[in-house]
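K.L.:
I would like to see how this sequence folds:
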Amino acid sequence: MTGDDLEPYDDEGVPEITGSDLLGPDGPRVLDQKCPTCIFRPGNPMKLRPGRVHGMVEDSLRGGGFITCHQTLPYGGHGDVRPAVCRGFFDAHGERSNLLRVWSRLGGFDFVPPPADHD
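P.N.:
Residues are numbered from 1 along each chain as shown. Have a look, this model is predicted:
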């Protein structure tokens, strides 16, 4: 949303991403590689508490969805970048996501570089 519009937020104060926010010309945007601080990289680069990534994955899958790359969210520091599916999630759990399976059958995805590649 732009201008004076208010963004909808979920119960944890995180801006909600709608399906239309993710759509590129060839389907939902998915990063073409993991961002530098991907939560699916070894070594916990985001310094998340133990079990947090597992909980995020299970919550996403239970809802039929996916995890959006944190660098592509409105507060991710890259205001000119639109939301995209996390590549780490896509590679590790994409086949378990109802929404991603449907999009795969409908025609695929719009693969885009991580925001750091735009700097």
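K.L.:
Where does pLDDT dip in this structure?
P.N.:
1-21, 76, 116-119 (pLDDT under 70).
K.L.:
just the strands in it please.
P.N.:
Assignment of strands within the chain using DSSP state E yields the ranges 23-24, 27-31, 110-112.
K.L.:
Tell me which of those strands is the most buried.
P.N.:
The highest average neighbour count among the strands of the chain, using mean count of other C-beta atoms under 10 Å, belongs to strand 27-31 at a mean of 22. C-beta: built from backbone N, CA, C; applies to glycine.
K.L.:
in the chain, which residue is closest to the centre?
P.N.:
Central residue of the chain (C-alpha atoms, centre = their mean): residue 68, 1.2 Å from the mean position.
K.L.:
of all the strands of the chain, which lies closest to residue 52?
P.N.:
strand 27-31 (20.0 Å; C-beta to C-beta).
K.L.:
Need the contact partners of the closest one.
P.N.:
With C-beta atoms under 8 Å, 6 or more residues apart in numbering as the test, strand 27-31 has contacts from 19, 22-23, 69, 72, 82-87, 90, 100, 103, 106-114.
K.L.:
Of the residues you listed, select the buried ones using a PyMOL command.
P.N.:
Listed next is the PyMOL selection for buried residues among the contacts of strand 27-31, using 16 or more other C-beta atoms under 10 Å:
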select buried, resi 22+69+72+83+84+85+86+87+90+100+103+109+110+111+112+114
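K.L.:
out of the contacts of strand 27-31, which are inside helices?
P.N.:
19, 22, 87, 90, 100, 103, 106 (DSSP state H).
K.L.:
List the buried residues for the longest helix seen in the chain?
P.N.:
Counting by DSSP H, the longest helix found in the chain is helix 52-62. For helix 52-62, the neighbour count (16+ other C-beta under 10 Å) marks 53, 57, 60, 61 as buried.
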